[in-house]
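>>> Show me how the following folds:
(one chain, ligands or ions: 1)
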Amino acid sequence: GEASAVPAASKGSWSSFLKSITSFSGDLSSLTAPPFILSSTSLVEYSSYWAEHPSLFVAPAHEQDPAKRALLVLKWFISTLKQQYSSRNESLGSEKKPLNPFLGELFLGRWTDAAGTTELVSEQVSHHPPITAYSISNKEHGVRLQGFCGQNAWISRSLTINVKQVGHAILHIDAFDEDYLITLPPLHIEGLYSGSPFVELEKSTYIQSSSGYTAKIDYSGKGWLSGKKNSVTATLYPEGREKEPLYTIEGQWTNTFIIKDAKTKKEVDKYDSRASPTTPLTVAPLEEQDELESRRAWAKVAKGIAAGDMDVTQREKTLIEERQREMRRKEKEQGREWQRTFFTRVESHAVFERLAGKIGESLDVDKTGGIWMWDAEKAAKAKKPFGEQKY
Ligand code: HCR
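Residues are numbered from 1 along each chain as shown. Presented below is the predicted three-dimensional model:
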């Protein structure tokens, strides 16, 4: 069979883990995985994957032609996939199980580079179901991304974890007062048997712009159409005219993809992830962080994981969980709800509704605990990252 990446001492716990998940379905955070597959990074940090190339993120704001602008949005989106879905394989050797964020957990930071300052605010807005909301903005270029997401999972017989993402993201470009609704790809986790899990994307997603363009992105892996892992193809077309594409994209989201003019079949642009280093995110030093900030809150757990000390890890995790349970109990008793720092639950979302209809997308508020919107008033009251105030 496959070569195993499971450390000798963990073979037993890995096979009982595999046995335990065969009947699993629902909330992935409830899985208890063996220590060697645990990551010390909280899921609330994953929102940062959207903008590790700030220059690609802001580029559409400077394109006058609306079709080319939509193409730049599509190019940026595909460039984020490698960060989102395969960066842990590169940095940690395989996909790992992230820490399960507590309600109210924050991850704040900024990228400073040629694109100026791009700010990240990520907040765990719901615990049951687990939902993360985020806002990423670059004021100088007038670009912001807002969204929220959660995951529903089930295991298939071949020991594959299937994950459906719930939620969406909306990119807004001030200069053109334009919105782009971005849907999130279904994925599955392969390599569980050999203890080296990795993500493959599947099916398709859309980017629908308020300016009348639709991008359809198709994902496939090894053994499928192209036979290559992490394959992606996409077309950009005027809304409602899928058969008349303006641009096509083909390649692998983990390394290169080529953009062609659909009529002339000539290459107009390409992207090579290996030639596009990411800008590191700056996060405040632990001692300056608020208690709700992820790395500060999980510091002791992270230390336990790094040291391979499961007693410390478990003890510190339990402390956080018990404190959370106590807070929920008090809130219930007093008939109030935890106040989110940056986001608010709303009844409807006009931009989403306007664009979603065009691509057959709908909101499933049961699965996302509501519709989560950036709340400018709350944000103004919240402290800012770095400088005199904390966040
Ligand atoms: C499924 C996953 C947690 C969720 C991660 C999400 C969907 C989160 C939102 C990001 O924008 C994109 C994203 C990327 C990740 O690939 C995806 C994770 C992959 C694995 C992880 C599981 C909870 C881990 C299961 C445990 C196994 C490895 C033993």
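>>> Spell out which parts of the chain neighbour the ligand.
28, 33, 37, 43, 46, 49, 84-85, 95-98, 149, 151, 163, 165, 189, 197, 199 (Cβ under 6 Å from any ligand atom). (C-beta placed from N, C-alpha, C; glycine too.)
>>> Now with 8 Å, please.
17, 28-29, 31, 33, 37, 43, 46-47, 49-50, 84-86, 88, 94-98, 132, 149, 151, 153, 161, 163, 165, 184, 187, 189, 192, 197, 199 (Cβ under 8 Å from any ligand atom).
>>> What about those, which are in strands?
97-98, 132, 149, 151, 153, 161, 163, 165, 187, 189, 199 (DSSP state E).
>>> re the thing from before, which among the residues of the chain next to the ligand end up buried?
17, 28-29, 31, 33, 37, 43, 46-47, 49-50, 84-86, 88, 94-98, 132, 149, 151, 153, 161, 163, 184, 187, 189, 192, 197, 199 (16 or more other Cβ atoms under 10 Å).
>>> which other residues reach the helix or strand of the chain with the lowest mean pLDDT?
Within the chain, no helix or strand scores below strand 25-26, which has a mean of 80 by mean pLDDT, DSSP states H and E. Residues from elsewhere that reach strand 25-26 (Cβ atoms under 8 Å, 6 or more residues apart in numbering): 152-155.
>>> Buried ones among these?
Buried, going by 16+ other Cβ under 10 Å: 152-153, 155, out of the contacts of strand 25-26.
>>> mind putting those residues in JSON lines, distance to residue 364 and pLDDT included?
Supplementary listing: those in JSON lines, determined by distance: Cβ to Cβ, whole Å; pLDDT from 0 to 100:
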{"residue": "152", "distance to residue 364": "9", "pLDDT": "94"}
{"residue": "153", "distance to residue 364": "15", "pLDDT": "93"}
{"residue": "155", "distance to residue 364": "21", "pLDDT": "92"}
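>>> Nearest to the ligand among these?
residue 153 (6.9 Å; Cβ to the nearest ligand atom).
>>> Please name the residues that touch that closest one.
Contacts of residue 153 (Cβ under 8 Å, 6+ apart): 24-28, 161-164.
>>> And it, how close does it get to residue 287?
36 Å (Cβ to Cβ, to the nearest Å).
>>> same thing with residue 280?
Taking Cβ to Cβ, one finds residue 280 at 20 Å from residue 287.
>>> Which one of the two is surrounded by more residues?
residue 280 (11 against 6; other Cβ atoms under 10 Å).
>>> so how far is the ligand from that one?
Per Cβ to the nearest ligand atom, to the nearest Å, residue 280 is found 18 Å from the ligand.
>>> Run through the bridge partners of the residue nearest to that residue when sequence neighbours are not counted.
Excluding the flanking residues, the one nearest residue 280 by Cβ to Cβ, 6 or more residues apart in numbering is residue 111, at 7.5 Å. Beta-bridge pairing for residue 111 (DSSP bridges): residue 118.
>>> Report the contact partners of residue 111.
So residue 111 contacts 51-52, 54, 117-118, 120, 279-282 (Cβ under 8 Å, 6+ apart).
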